[in-house]
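Colleague: here's my sequence, what's the structure:
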Amino acid sequence: PVLGAVSPAQFIPVAEERGLIVEIGAWVLRQALRQVRTWRSAGHADIRVAVNVSALQFQQDGFVELVGRALQETGLKGEALILELTEGSLIRDLRSANAKLVRLRELGVQIALDGFGTGYSSLAYLQQLQVDVVKIDRSFVQAMSETGPAVMEAILHLVRQLGYRTVAEGIETAAQCTDLEVVGCDSGQGYLFARPMPAREFEWVLAQDIPGSEFPQGD
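Modeller: Numbering: from 1, shown residues only. Okay, here's the model as predicted:
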(Lines give C-alpha, C1' and ligand atoms only; values in the text may rest on other atoms or scores of the structure.)
Protein backbone atom coordinates (compact mmCIF):
# COMPACT_ATOMS: atom_id res chain seq x y z
CA PRO A 1 0.00 0.00 0.00
CA VAL A 2 2.88 2.39 0.63
CA LEU A 3 5.48 1.42 -1.96
CA GLY A 4 3.18 0.24 -4.72
CA ALA A 5 4.45 -2.46 -7.09
CA VAL A 6 8.02 -3.41 -6.18
CA SER A 7 10.25 -4.67 -8.97
CA PRO A 8 11.59 -8.24 -8.68
CA ALA A 9 15.01 -6.70 -9.24
CA GLN A 10 14.57 -5.09 -5.83
CA PHE A 11 12.83 -7.71 -3.73
CA ILE A 12 14.41 -10.93 -5.01
CA PRO A 13 17.97 -10.05 -3.84
CA VAL A 14 16.53 -9.19 -0.41
CA ALA A 15 14.57 -12.45 -0.31
CA GLU A 16 17.71 -14.38 -1.26
CA GLU A 17 19.81 -12.60 1.34
CA ARG A 18 17.25 -13.35 4.06
CA GLY A 19 16.79 -16.95 2.97
CA LEU A 20 13.12 -16.39 2.11
CA ILE A 21 13.48 -17.11 -1.59
CA VAL A 22 13.22 -20.88 -1.07
CA GLU A 23 9.81 -20.58 0.58
CA ILE A 24 8.65 -17.94 -1.90
CA GLY A 25 9.85 -20.03 -4.84
CA ALA A 26 7.99 -23.11 -3.58
CA TRP A 27 4.79 -21.07 -3.23
CA VAL A 28 5.17 -19.59 -6.72
CA LEU A 29 5.72 -23.03 -8.25
CA ARG A 30 2.57 -24.45 -6.64
CA GLN A 31 0.47 -21.41 -7.53
CA ALA A 32 1.63 -21.46 -11.14
CA LEU A 33 0.79 -25.14 -11.55
CA ARG A 34 -2.62 -24.68 -9.92
CA GLN A 35 -3.34 -21.93 -12.40
CA VAL A 36 -2.31 -24.13 -15.32
CA ARG A 37 -4.62 -26.86 -14.04
CA THR A 38 -7.46 -24.33 -13.91
CA TRP A 39 -6.81 -23.16 -17.47
CA ARG A 40 -6.51 -26.72 -18.78
CA SER A 41 -9.76 -27.66 -17.06
CA ALA A 42 -11.36 -24.70 -18.85
CA GLY A 43 -10.40 -26.20 -22.21
CA HIS A 44 -6.90 -24.86 -22.87
CA ALA A 45 -5.33 -28.30 -22.92
CA ASP A 46 -1.94 -27.37 -24.36
CA ILE A 47 -1.07 -24.43 -22.13
CA ARG A 48 2.20 -24.58 -20.18
CA VAL A 49 3.85 -22.29 -17.66
CA ALA A 50 7.48 -21.23 -17.27
CA VAL A 51 8.67 -20.58 -13.72
CA ASN A 52 11.91 -18.84 -12.81
CA VAL A 53 14.03 -20.66 -10.23
CA SER A 54 16.60 -18.87 -8.10
CA ALA A 55 20.09 -20.30 -7.69
CA LEU A 56 19.55 -20.74 -3.95
CA GLN A 57 16.32 -22.66 -4.48
CA PHE A 58 17.82 -24.90 -7.16
CA GLN A 59 20.73 -25.78 -4.88
CA GLN A 60 18.42 -27.15 -2.18
CA ASP A 61 18.75 -30.92 -1.75
CA GLY A 62 15.02 -31.54 -2.02
CA PHE A 63 14.30 -29.35 -5.04
CA VAL A 64 13.53 -32.16 -7.48
CA GLU A 65 11.23 -33.77 -4.93
CA LEU A 66 9.48 -30.43 -4.44
CA VAL A 67 8.77 -30.20 -8.17
CA GLY A 68 7.53 -33.78 -8.24
CA ARG A 69 5.16 -33.18 -5.33
CA ALA A 70 3.81 -29.98 -6.88
CA LEU A 71 3.03 -31.83 -10.11
CA GLN A 72 1.43 -34.69 -8.22
CA GLU A 73 -0.69 -32.34 -6.09
CA THR A 74 -2.08 -30.63 -9.17
CA GLY A 75 -2.49 -33.81 -11.21
CA LEU A 76 -0.31 -32.43 -14.00
CA LYS A 77 2.37 -34.15 -16.03
CA GLY A 78 5.82 -32.64 -16.28
CA GLU A 79 5.20 -31.38 -19.82
CA ALA A 80 3.04 -28.64 -18.31
CA LEU A 81 6.09 -27.03 -16.69
CA ILE A 82 9.21 -25.24 -17.91
CA LEU A 83 11.81 -24.26 -15.32
CA GLU A 84 13.99 -21.27 -16.16
CA LEU A 85 17.47 -21.17 -14.66
CA THR A 86 20.36 -18.81 -15.19
CA GLU A 87 23.74 -19.99 -16.39
CA GLY A 88 25.35 -18.87 -13.14
CA SER A 89 23.06 -21.05 -11.05
CA LEU A 90 24.00 -24.12 -13.07
CA ILE A 91 27.76 -23.93 -13.49
CA ARG A 92 28.65 -23.41 -9.83
CA ASP A 93 28.60 -27.19 -9.50
CA LEU A 94 28.06 -28.51 -13.01
CA ARG A 95 28.04 -32.20 -12.12
CA SER A 96 25.48 -31.78 -9.34
CA ALA A 97 23.38 -29.40 -11.45
CA ASN A 98 23.27 -31.78 -14.40
CA ALA A 99 22.27 -34.65 -12.14
CA LYS A 100 19.27 -32.61 -10.99
CA LEU A 101 18.44 -31.54 -14.53
CA VAL A 102 18.42 -35.16 -15.69
CA ARG A 103 15.98 -36.09 -12.91
CA LEU A 104 13.74 -33.13 -13.71
CA ARG A 105 13.67 -34.04 -17.38
CA GLU A 106 12.78 -37.61 -16.41
CA LEU A 107 9.67 -36.09 -14.83
CA GLY A 108 8.89 -34.57 -18.23
CA VAL A 109 9.82 -31.04 -17.14
CA GLN A 110 11.59 -28.87 -19.71
CA ILE A 111 14.60 -26.78 -18.75
CA ALA A 112 15.28 -23.31 -20.16
CA LEU A 113 18.61 -21.52 -19.85
CA ASP A 114 17.59 -17.94 -19.08
CA GLY A 115 19.33 -14.78 -20.23
CA PHE A 116 21.97 -16.43 -22.39
CA GLY A 117 24.70 -14.02 -23.42
CA THR A 118 24.94 -12.03 -20.19
CA GLY A 119 26.83 -14.50 -18.02
CA TYR A 120 29.72 -16.78 -18.79
CA SER A 121 28.30 -17.76 -22.19
CA SER A 122 30.95 -20.47 -22.36
CA LEU A 123 30.64 -22.88 -25.26
CA ALA A 124 32.09 -25.64 -23.08
CA TYR A 125 29.41 -25.14 -20.44
CA LEU A 126 26.60 -24.77 -22.97
CA GLN A 127 27.53 -28.05 -24.62
CA GLN A 128 27.45 -29.88 -21.29
CA LEU A 129 24.24 -28.50 -19.82
CA GLN A 130 21.18 -30.75 -19.87
CA VAL A 131 18.71 -28.13 -21.10
CA ASP A 132 15.98 -27.98 -23.76
CA VAL A 133 15.66 -24.27 -24.50
CA VAL A 134 18.10 -21.35 -24.66
CA LYS A 135 16.61 -17.92 -24.00
CA ILE A 136 18.68 -15.20 -25.68
CA ASP A 137 19.04 -12.03 -23.65
CA ARG A 138 17.07 -8.95 -24.67
CA SER A 139 20.28 -6.95 -25.20
CA PHE A 140 20.98 -8.92 -28.40
CA VAL A 141 17.45 -8.28 -29.66
CA GLN A 142 17.84 -4.55 -29.06
CA ALA A 143 21.27 -4.49 -30.69
CA MET A 144 19.99 -6.00 -33.94
CA SER A 145 18.52 -2.69 -35.10
CA GLU A 146 21.83 -0.92 -34.46
CA THR A 147 24.49 -3.41 -35.47
CA GLY A 148 22.61 -5.79 -37.76
CA PRO A 149 21.73 -9.47 -37.39
CA ALA A 150 25.22 -11.00 -37.55
CA VAL A 151 25.64 -11.67 -33.82
CA MET A 152 22.10 -12.97 -33.41
CA GLU A 153 22.52 -15.24 -36.44
CA ALA A 154 25.74 -16.62 -34.98
CA ILE A 155 24.10 -17.35 -31.62
CA LEU A 156 21.10 -19.01 -33.26
CA HIS A 157 23.31 -21.16 -35.48
CA LEU A 158 25.37 -22.31 -32.51
CA VAL A 159 22.36 -23.11 -30.34
CA ARG A 160 20.60 -24.99 -33.14
CA GLN A 161 23.72 -27.07 -33.81
CA LEU A 162 23.65 -28.15 -30.17
CA GLY A 163 20.02 -29.21 -30.55
CA TYR A 164 18.35 -26.59 -28.38
CA ARG A 165 15.26 -24.53 -29.15
CA THR A 166 15.59 -20.75 -29.00
CA VAL A 167 13.54 -17.97 -27.43
CA ALA A 168 14.37 -14.29 -27.96
CA GLU A 169 13.63 -12.11 -24.93
CA GLY A 170 12.51 -8.51 -24.84
CA ILE A 171 10.73 -8.14 -28.19
CA GLU A 172 9.09 -4.73 -28.18
CA THR A 173 8.45 -3.85 -31.84
CA ALA A 174 7.01 -5.53 -34.92
CA ALA A 175 10.28 -4.84 -36.75
CA GLN A 176 12.24 -6.81 -34.15
CA CYS A 177 9.77 -9.66 -34.46
CA THR A 178 10.13 -9.69 -38.25
CA ASP A 179 13.93 -9.62 -38.06
CA LEU A 180 13.93 -12.56 -35.66
CA GLU A 181 11.65 -14.55 -37.94
CA VAL A 182 14.02 -13.89 -40.84
CA VAL A 183 17.08 -15.14 -38.95
CA GLY A 184 15.22 -18.25 -37.79
CA CYS A 185 14.53 -17.79 -34.09
CA ASP A 186 11.96 -20.35 -32.89
CA SER A 187 9.91 -18.13 -30.60
CA GLY A 188 9.97 -14.96 -28.58
CA GLN A 189 8.58 -13.03 -25.66
CA GLY A 190 8.20 -9.38 -24.83
CA TYR A 191 5.90 -6.39 -24.57
CA LEU A 192 5.01 -6.64 -28.25
CA PHE A 193 2.89 -9.67 -27.37
CA ALA A 194 1.71 -8.61 -23.90
CA ARG A 195 2.76 -6.94 -20.70
CA PRO A 196 2.59 -8.75 -17.36
CA MET A 197 -1.04 -9.17 -16.31
CA PRO A 198 -3.20 -10.86 -13.67
CA ALA A 199 -4.53 -14.33 -14.40
CA ARG A 200 -8.06 -13.04 -15.04
CA GLU A 201 -6.86 -10.70 -17.76
CA PHE A 202 -4.86 -13.48 -19.34
CA GLU A 203 -7.99 -15.62 -19.40
CA TRP A 204 -9.55 -12.94 -21.60
CA VAL A 205 -6.55 -13.21 -23.94
CA LEU A 206 -7.00 -16.97 -24.09
CA ALA A 207 -10.68 -16.55 -24.85
CA GLN A 208 -9.88 -14.27 -27.80
CA ASP A 209 -7.52 -16.86 -29.27
CA ILE A 210 -4.93 -14.13 -29.85
CA PRO A 211 -1.82 -15.45 -31.67
CA GLY A 212 1.04 -16.20 -29.33
CA SER A 213 4.77 -15.63 -29.53
CA GLU A 214 5.73 -18.66 -31.60
CA PHE A 215 7.09 -17.78 -35.01
CA PRO A 216 5.74 -19.62 -38.07
CA GLN A 217 8.78 -21.85 -38.50
CA GLY A 218 8.92 -22.76 -34.80
CA ASP A 219 8.30 -26.25 -33.43
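Colleague: how close does residue 72 get to residue 65?
Modeller: Computed with C-beta to C-beta, to the nearest Å, the distance linking residue 72 and residue 65 is 10 Å. (Glycine included, C-beta is placed from N, CA and C.)
Colleague: and residue 107, by the same measure?
Modeller: Summarising the geometry, the distance separating residue 107 from residue 65, computed by C-beta to C-beta, is 10 Å.
Colleague: out of these two, which sits in the busier spot?
Modeller: Neighbour tally, residue 107 and residue 65, criterion other C-beta atoms under 10 Å: the higher count belongs to residue 107, 15 against 11.
Colleague: mind listing what that one touches?
Modeller: For residue 107, the residues meeting the contact criterion (C-beta atoms under 8 Å, 6 or more residues apart in numbering) are 64, 67-68, 71, 78.
Colleague: between these, which is closest to residue 200?
Modeller: Relative to residue 200, the closest of these is residue 71; by C-beta to C-beta it sits at 24.3 Å.
Colleague: what packs against the host helix or strand of the closest one?
Modeller: With elements delineated by DSSP states H and E, residue 71 resides in helix 63-74, which encompasses its position. Of the remaining helices and strands, those touching helix 63-74 by 3 or more C-beta pairs under 8 Å, 6 or more residues apart in numbering; DSSP states H and E are helix 21-41, strand 81-86, helix 94-106.
Colleague: what's the angle from it to strand 81-86?
Modeller: Between the axes of helix 63-74 and strand 81-86, defined by axes from the mean of the first three to the mean of the last three C-alpha atoms, to 10 degrees, the angle is 150 degrees.
Colleague: going by neighbour count, list what's buried in helix 63-74.
Modeller: Applying a neighbour-count criterion of 16 or more other C-beta atoms under 10 Å, the buried positions in helix 63-74 are 63-64, 66-68, 70-71, 74.
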